[in-house]
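1. no letters, just coordinates:
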């Protein structure tokens, strides 16, 4: 999948989290990698001062780390989008 570093692509990722059981928040903080995952309370916190590229990359890393199941999403578009994102590898 080609990653587009646009506001629209970020919105699609945010909608994916909204449809999941995790709460996505943007907060200021001193996160080493730009995000923090609180698994017990199912909250994902992204550094709000990250540029769009950093937010998208962090969300892709988190999605791969959380192992979200496409079957947990009601909408087919979210299932397809998640499947595409899971096949995406970030190259630094």
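-> Received it, and whenever you're ready, just let me know what you need. These numbers come from a predicted model, not from an experiment.

2. start and end of stretch 17-36, how far apart?
-> 15 Å (Cα to Cα, to the nearest Å).

3. what mean pLDDT would you report for that stretch?
-> Here stretch 17-36 scores 81 as its mean pLDDT.

4. buried residues, stretch 67-82. List them.
-> Residues of stretch 67-82 classed as buried: 68, 73, 78-79, 81-82 (neighbour count, 16 or more other Cβ atoms under 10 Å). In short, each C-beta sits where N, CA and C put it, glycine included.

5. who are the packing partners of the lowest-mean-pLDDT helix or strand in the chain?
-> Using mean pLDDT, DSSP states H and E, strand 35-38 stands out as the lowest-scoring helix or strand of the chain, at a mean of 73. Strand 35-38 sits against strand 43-47, helix 52-66, with contacts defined as 3 or more Cβ pairs under 8 Å, 6 or more residues apart in numbering; DSSP states H and E.

6. at 10 Å instead, please
-> For strand 35-38, the elements it packs on are strand 23-27, strand 43-47, helix 52-66, judged by 3 or more Cβ pairs under 10 Å, 6 or more residues apart in numbering; DSSP states H and E.

7. that one pairs with which strands, parallel or anti?
-> strand 43-47 (antiparallel) (DSSP bridges).
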